[in-house]
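Engineer: my questions are about this predicted structure, shown below with the sequence.
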Amino acid sequence: MARPDKEYKRNMSSIEIPVIAGDGIGPEITSAVLKIVDAAVRSTSLQLEWIPVVAGLSALEQGSELIPQRTMDEIARCGVALKGPCTTPVGEGFTSINVKLRKAFNLYAAVRPVRSMPGVETRYQNVDLIIIRENTEGLYSGVENEVTPGVVMSMKVASKAACQRIATWAFRFANRRGREKVTVLHKANIMKMTDGLFLKCASDVHANDYPNLAFESTIIDAGCMKLVQDPSQFDVLLLENLYGDVISDLCAGLVGGLGVVPGANIGEDLSIFEAVHGSAPDIAGRNIANPLALLMSSVMMLNFLAETRQLPELAESAELIRRSYDACMIHGEKTRDLGGELGTAEFADAVIARL
Ligand code: ATP
């Protein structure tokens, strides 16, 4: 977890949080989530001060850059942000917003809890996975070039420092959360150097620092098969960047889809909380998107603030929200993607009514 910063004082009553509403379904799910979080925090002595900042297509449309400097400055100043999904225009000249934010703030660990939800019928009812994805290297290095006309290549990068850092983070996280096993999914039989280094670093961190936890490694293609056969055989999954991206969506499918998987991007100095899903332009502006994944991400954010800034009231608010959306699920108050009938705004009202 990011270290507590002495600038963020315990006795402050207002906590500033930059919010990127994003593109596509971003604005509608963000507005639903802020309404719920404000209602939950209202019963505490604290107040959240949302600072709207822009990124993505909406920033471009306002005549700015994809990520304006003010957005970067505000996130750096506050040490935390809540982020809706942003669209990066396809084609050359635009670096992915997510990649840029993760690199700029060194958000090296993506954490994505994937759990069965009460009231959400899926093939499995016992899924409880934590995906930990290395966020800064691999095929996301951004080094691509045309070798010769008709032949292009992308560079997969792995550094010992980054592999050790994410492995240490993953084992420490697993240990602190009382998890039992860390599994690395890899392709070190083919990518002997890059995936080989990733695997070796994880294996060394386990042997040297966390022999109390179980550790295993599985080649990723076989791992995919095992995940869909019986996800309960896994606990914490540790993956390099691209595998983490793909496996996150696969695992989302085990628990009801992209509408129910939250995420945190954690660095040494700050963290950004966002849903795993993208901006889903196909359903944007129709009040049918599920805000739950972003709401769950905001619960992770409240728990993070509670822990790193010694604000236990926020952990209580987080628990209140969690219990309320669980109750909504159990009583069938769901959006369409989960088999319910509520719109985005109506779902937010249903959660608030149960706070
Ligand atoms: P990206 O490349 O950014 O991941 P994408 O278009 O590949 O974006 P998503 O935007 O995540 O993927 O969406 C994939 C599909 O999942 C969407 O078309 C939409 O139907 C569905 N979906 C995603 N998020 C939600 C949500 N919050 N509520 C309901 N459906 C969603």
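Structural biologist: Cool, the structure landed. Numbers count the residues shown, from 1 in each chain.
Engineer: now Val236: phi and psi?
Structural biologist: phi -100, psi 130 (degrees, to the nearest 10).
Engineer: likewise for Val152?
Structural biologist: Torsion angles, degrees, to the nearest 10, at Val152: phi -120, psi 160.
Engineer: what about Ile272, helix or strand, and which?
Structural biologist: Using DSSP states H and E, the element containing Ile272 is strand 271-274.
Engineer: list the helices and strands the helix or strand just after that strand packs on?
Structural biologist: Of the helices and strands lying after strand 271-274 in sequence (DSSP H and E), the nearest is helix 292-308. For helix 292-308, the packing partners by 3 or more CB pairs under 8 Å, 6 or more residues apart in numbering; DSSP states H and E come out as helix 26-41, strand 80-83, strand 109-115, strand 264-266, strand 271-274, helix 312-330. (Each C-beta comes from the backbone N, C-alpha and C, glycine too.)
Engineer: want to throw those into CSV with mean neighbour count?
Structural biologist: Shown next, in CSV, are the helices and strands packed on helix 292-308 (neighbours: other CB atoms under 10 Å):
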stretch, mean neighbour count
helix 26-41, 22
strand 80-83, 24
strand 109-115, 23
strand 264-266, 23
strand 271-274, 25
helix 312-330, 19
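Engineer: distance to Val147 added to these, as a markdown table?
Structural biologist: As requested, the helices and strands packed on helix 292-308 are exported to a markdown table (distance: least, CB to CB, whole Å):
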| stretch | distance to Val147 |
| --- | --- |
| helix 26-41 | 37 |
| strand 80-83 | 36 |
| strand 109-115 | 31 |
| strand 264-266 | 33 |
| strand 271-274 | 35 |
| helix 312-330 | 50 |
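Engineer: between these, which one is nearest to the ligand?
Structural biologist: Closest to the ligand of the helices and strands packed on helix 292-308 is helix 26-41 (CB to the nearest ligand atom; 6.1 Å).
Engineer: contacting residues for Val228?
Structural biologist: 250, 254 (CB atoms under 8 Å, 6 or more residues apart in numbering).
Engineer: check which helix or strand it maps to.
Structural biologist: Residue-wise, Val228 maps onto helix 220-229 under DSSP H and E.
Engineer: for the most centrally placed residue in the chain, give its distance to Gly24.
Structural biologist: Taking CA atoms, centre = their mean, the centroid of the chain lies closest to Gly263, which sits 1.7 Å from it. Using CB to CB, to the nearest Å, we find Gly263 at a distance of 17 Å from Gly24.
Engineer: now swap in Asp282 and tell me
Structural biologist: From Asp282 to Gly24 the distance is 8 Å (CB to CB).
Engineer: give me the phi and psi for the residue of the stretch 51-200 of the chain found nearest the ligand.
Structural biologist: Going by CB to the nearest ligand atom, the ligand is nearest to Pro85 of the stretch 51-200 of the chain, at 6.2 Å. Backbone dihedrals for Pro85, given as degrees, to the nearest 10, come out at phi -70, psi 140.
Engineer: list the contacts of it.
Structural biologist: Pro85 touches 22-26, 274-275, 277-280, counting by CB under 8 Å, 6+ apart.
Engineer: need the nearest residue in space to it, chain neighbours excluded.
Structural biologist: Take Pro85 and drop its neighbours on the chain: the residue closest to it by CB to CB, 6 or more residues apart in numbering is Ser279, 4.1 Å away.
Engineer: rewinding a little: Arg322 versus the residue of the stretch 51-200 of the chain closest to the ligand, what's the distance?
Structural biologist: 22 Å.
Engineer: same check, this time on Ala188
Structural biologist: 38 Å.
Engineer: surely Gly84 meets Ile20?
Structural biologist: Yes - counting by CB atoms under 8 Å, Ile20 is a contact partner of Gly84 at 5.9 Å.
Engineer: need the residues touching each of those two.
Structural biologist: With CB under 8 Å, 6+ apart as the test, Gly84 and Ile20 both reach Gly26.
Engineer: low-scoring stretches of the chain, by residue?
Structural biologist: Scanning the chain for pLDDT under 70 picks out 1-12, 91-93.
Engineer: domain ranges for it, per the record?
Structural biologist: The chain resolves into domains spanning 14-115+257-355, 123-255 when parsed by automatic domain parsing.
Engineer: what's the most buried one of those domains?
Structural biologist: domain 14-115+257-355 (a mean of 20; mean count of other CB atoms under 10 Å).
Engineer: that one: end-to-end distance?
Structural biologist: Taking CA to CA, to the nearest Å, domain 14-115+257-355 runs 21 Å from one end to the other.
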